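# please work out how this folds:
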Amino acid sequence: MFISLTATTYRTQIDRTTLRDTIMYVDSTDTTTVTESLHDTVPLLTPEELELLDEDSSIIKAIESDAITLKLNLSAQVLVPDILNSFSELPNVQWFEARYCSLDSIPEELSDFWHLQWLDLSYNNIHKIPKYFSENSYLRSINLSHNQLKQFSSIFATFDSLLLLAVPNNKISSFDTMKDSSFQLLRGFSIHDNELTSFPEIFSSMKQLRWFDVSSNKLKSLPKTLFNAERLTWLYAKKNQLQSLPDSMSKLYNVQQIDVAENKLKQLPNDITNLRRLSVFDCKLNSLQSLPTKIHNLKRLSLLNVAYNSLDSLPDSVGYLPRLSELYLQGNKIKKLPNSFSKLQNLFIVDLSQNQIDSLPYDFAKIKNLRLLKIDNNSISTLPDSIEYLDGLAEISLANNRFVSLPDSLPKWGGLKVLNANSNYLTTIPKYIGNLRSVLKLYFEANYIEEIPLSLFQCKQLRELNLSINKISFVPDSFHLLQKLEDLQLASNKITTLPPSIGMCKKLTSLSISKNLMTEIPTWIGGLKKLTSFKVKDNQITELPESICTIDSLVTLSLSGNYLTDLPKNFHKLRWLQTLELDNNQIKRLPDVITKLPSLKVLNLKGNPMSEKEKNRIRNLLPKVKVTQ
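Take a look at the predicted model:
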């Protein structure tokens, strides 16, 4: 039976009655419950990682027994010695958790917990490991993340049964001297987010190590003995200063995931292609100039992320990765894709944005399983005719290219959810846009579009529509057909009036009509009861309708660059309004209603004809509001 006990008192000693009343029973035969509980102790592991770490079930078996096992949770308590002493008399306390307790050191009273195996003292202020800590010789899991440790103590090496050790988010910059025979049973070791510039060669005896995370330090190289850990499955070393990876990493026969993103790598060792079980490789934000020519040997690779490097081409062998489903190549200098690219039959996601590509391979559509295609920020003007056969596409992004029209194949993408065509040279939205009956988001910002086709209103699932920065002067009165619309962006056009049908979009939360030719805000605006952001800056508005005061949900209201002199008398009813932009209007005196806005945090009044006396009065009236004048 596995028992969880949580302290319910504060600053007082817990008596036996309280103790008995706070015990919660959990069926120890429920493996899911046990695994989730273990995950709470070492929150740095996903349930899948923990399951693989415990492949022989030794961790779970350690807490499954006929005897009663107690989990003692005193998190967020003030731990005075009397409280700990009262629990030390309990038999078989194996699990102790005291997070967020402002502990400066590991309590000496823990030495009395003879059966303690699982210890979580994360989120405290512990700065040193005391010698008496070694008396807890049965410890299997130690979590000291988010403390103030500066030195990795040799005391950790005295725990012969230790399986999991987590000391991330401290200030560790050095190690005590360790024995070569240390940590023989260790399976998981996390020391990320510290201040290490080098790492000692302590991995010779770590034959059981499955999971190692040394991310977010200052390492220039990885310890050589690490690559003797033949059972290592996950290696995380992102956000360091690694300049190279050794050829010896080919010894990691069982490694499945490697993350070396955000380092200074210029090339990968050729032998990395011998890692036949590798399924996830993340090397983004480095300085790679090429990929290994034998990359096709990574037969199990499913995710490859080499975004934001210096690649100008891909080896032809990249097309022979049979399990590749996610490929991230954005932010490189690639000009052309290899002819083999269309052989990636299982590719599900591909990001080619921010390269120098001017066309896609003619047989690109052979990648029939493709769901997400991003080709933003290239020099592409047309798509191959065969693209119409990608009928499984759910999202395509064509932004910042040279398209003058959308591909004719668009109507055949019936399952398309997102279309991004921002920043191109489009002059029209094709009438067949209405065939996209499942589309949720349409983006046409920064084009040369002059009118909104009526067929667009057949996209009845539409949630977001962005038509900003175009040449639209007339808005059709058909928005009542878009009952699911939540975000409408019409800024920077030539619009003089809005149709009443927009007021029937009851789910609308964001509306922008800034930088148009509006002279008034229609009274129906008050019907948009879910509107949280309304931007109407840089128009020719002289007054606000009283109905705007009924939009109780408003959080942001931007009225900059108009001709307002006053606000409606019921303006104070906007009780959730936090940001109010009134700069560059004609307000001489702050309307008194503004002082009655209970949630106001930011007020911009810059560029109004206010006297210094009035500005001083405003500062005194609104001492808790950030006022810009």
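
# OK, contacts around the closest residue to residue 502 other than its chain neighbours?
Once flanking residues are discounted, residue 502 sits nearest to residue 479: 4.7 Å by CB to CB, 6 or more residues apart in numbering. Backbone N, C-alpha and C define where each C-beta goes, glycine included. By CB atoms under 8 Å, 6 or more residues apart in numbering, residue 479 lies in contact with 457, 485, 488, 499, 501-502, 504-505.

# and the pLDDT for residue 479?
For residue 479, the model assigns a pLDDT of 96.

# okay, now residue 230: neighbour count?
12 (other CB atoms under 10 Å).

# ok, now how distant is it from residue 255?
Applying CB to CB, to the nearest Å, the value for residue 230 to residue 255 is 9 Å.

# next: residue 126.
Counting by CB to CB - residue 126 and residue 255 are separated by 32 Å.

# which one's more surrounded, these two?
A count of neighbours by other CB under 10 Å puts residue 255 above the other of residue 126 and residue 255, at 26 against 19.

# so residue 570 makes contact with residue 547?
No. Taking contacts as CB atoms under 8 Å, residue 570 lies outside contact range of residue 547: 9.7 Å.

# higher neighbour count, these two?
residue 547 (18 against 13).

# quick one, what contacts that one?
By CB under 8 Å, 6+ apart, the neighbours of residue 547 are 523-527.

# is it true that it lies in a strand?
No. Using DSSP: H, G, I helix; E, B strand; the rest coil, the assignment for residue 547 is helix, not a strand.

# pLDDT score for it?
96.

# got any ranges where the stretch 201-350 of the chain has weak pLDDT?
Along the stretch 201-350 of the chain, no part satisfies pLDDT under 70.

# can you pull out the strands in it?
Shown for the stretch 201-350 of the chain, the strands assigned by DSSP state E, counting those that start in this stretch span residues 211-213, 234-236, 257-259, 280-282, 303-305, 326-328, 349-351.

# packing partners of the fifth one?
To tie it back to what came earlier, the one meant is strand 303-305. If contacts are counted by 3 or more CB pairs under 8 Å, 6 or more residues apart in numbering; DSSP states H and E, strand 303-305 sits against strand 280-282, strand 326-328.

# roughly how far is the last one from the heart of the chain?
Using CA atoms, centre = their mean, to the nearest Å, the distance from the centre of strand 326-328 to the centre of the chain it belongs to is 17 Å.

# pull the helix or strand with minimum mean pLDDT from this structure.
strand 23-26 (a mean of 30; mean pLDDT, DSSP states H and E).

# for this structure, identify the residue most remote from the centre.
residue 613 (47.4 Å; CA atoms, centre = their mean).

# after the helix or strand harbouring that one comes which helix or strand?
Applying DSSP states H and E as the criterion places residue 613 in helix 612-621. For helix 612-621, the following helix or strand on the C-terminal side (DSSP H and E) is strand 626-628.

# list the buried ones in that next one?
Across strand 626-628, burial judged by 16 or more other CB atoms under 10 Å covers residue 627.

# summarise which helices and strands it is packed against.
strand 602-604.

# name every strand pairing with the strand it packs on and say which way it goes.
Strand pairing for strand 602-604, determined by DSSP bridges: strand 579-581 (parallel), strand 626-628 (parallel).

# residue 344 against residue 321, yeah?
Yes. Residue 344 lies in contact with residue 321 (CB under 8 Å); the separation is 6.7 Å.

# how much space separates residue 149 from residue 263?
24 Å.

# if you could redo that for residue 396, that was the one I meant.
Distance from residue 396 to residue 263, by CB to CB: 32 Å.

# what's around residue 588, how many residues?
12.

# element containing it, please.
Judged by DSSP H and E, residue 588 forms part of no helix or strand.

# residue 605 is in contact with that one, correct?
No. The pair residue 588 / residue 605 is not scored as a contact, 10.8 Å apart, by CB under 8 Å.

# so what's residue 540 up against?
With CB under 8 Å, 6+ apart, residue 540 has these contacts: 517-519, 562-563.

# sorry, slip of the keys, the one I care about is residue 283.
260-261, 265, 268, 305-306, 309.

# tally up the residues packed near residue 612, please.
For residue 612, using other CB under 10 Å, the count is 8.

# before we move on, the earlier item: out of the strands of the stretch 201-350 of the chain, the one nearest residue 111 is which?
Proximity to residue 111 (CB to CB) singles out strand 211-213 among the strands of the stretch 201-350 of the chain, at 28.9 Å.

# near residue 192, how many other residues are there?
Residue 192 - counted by other CB under 10 Å - has 23 other residues nearby.

# hang on, isn't it packed against residue 166?
No. Applying CB under 8 Å, one finds residue 192 not in contact with residue 166, separated by 9.3 Å.

# pLDDT below threshold where in this structure?
In the chain, residues with pLDDT under 70: 1-69, 80-82, 86, 88-91.

# for stretch 463-475, buried residues please.
Using 16+ other CB under 10 Å as the burial criterion, the residues of stretch 463-475 that qualify are 463-470, 472, 475.

# let's see which of those residues end up in strands.
464-466 (DSSP state E).

# how far is the helix holding residue 613 from where the chain is centred?
Worked out by CA atoms, centre = their mean, helix 612-621 lies 43 Å from the chain centre.

# just stretch 114-126 next, same as before
29 Å.

# quick one: terminal-to-terminal distance for that stretch?
22 Å (CA to CA, to the nearest Å).

# in that stretch, what counts as buried?
Quick answer for stretch 114-126 (16+ other CB under 10 Å): 116-124, 126.

# so where do the strands sit in the stretch 51-200 of the chain?
Using DSSP E, counting those that start in this stretch, strands in the stretch 51-200 of the chain cover 69-73, 93-97, 118-120, 141-143, 151-152, 164-166, 174-175, 188-190.

# elements contacting the last one?
Yep, that's strand 188-190 we're talking about. strand 164-166, strand 211-213.

# likewise for the third one?
Taking 3+ CB pairs under 8 Å, 6+ apart as the contact definition, the neighbouring helices and strands of strand 118-120 are helix 31-41, strand 93-97, strand 141-143.

# how long is stretch 301-321 from one end to the other?
7 Å.

# swap in stretch 83-102?
Termini of stretch 83-102 sit 15 Å apart (CA to CA).

# equivalent analysis for stretch 152-169, please.
End-to-end distance (CA to CA), stretch 152-169: 13 Å.

# report the buried residues of it.
Those would be 152-153, 155-159, 162-169, for stretch 152-169 by 16+ other CB under 10 Å.

# could you do stretch 589-601 as well?
Of the residues in stretch 589-601, 590-591, 593-594, 597, 600 count as buried by neighbour count, 16+ other CB under 10 Å.

# got it, and stretch 193-207?
Result for stretch 193-207 [16+ other CB under 10 Å]: buried residues 193-194, 196, 199, 202-206.

# and if you look at stretch 241-256?
Buried residues in stretch 241-256 (16+ other CB under 10 Å): 242, 245, 249-252, 255-256.

# okay, the residues you listed in CSV with distance to residue 286 next?
Below are these laid out as CSV (distance: CB to CB, whole Å):
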residue, distance to residue 286
242, 9
245, 10
249, 15
250, 19
251, 22
252, 19
255, 18
256, 21
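
# just those residues now: which is nearest residue 105?
Closest to residue 105, out of all of the buried residues of stretch 241-256 and judged by CB to CB, is residue 242, at 34.4 Å.

# so that closest one sits against residue 267, correct?
No. At 11.9 Å, residue 242 does not count as touching residue 267 under the criterion of CB under 8 Å.

# and the helices in the stretch 151-300 of the chain?
Using DSSP state H, counting those that start in this stretch, no helices are found in the stretch 151-300 of the chain.

# before we move on, back to that, among the helices and strands packed on strand 303-305, which comes closest to residue 386?
Among the helices and strands packed on strand 303-305, strand 326-328 sits nearest to residue 386 (CB to CB), with 19.3 Å.

# output the contacting helices and strands for the closest one.
Using 3+ CB pairs under 8 Å, 6+ apart, strand 326-328 is in contact with strand 303-305, strand 349-351.
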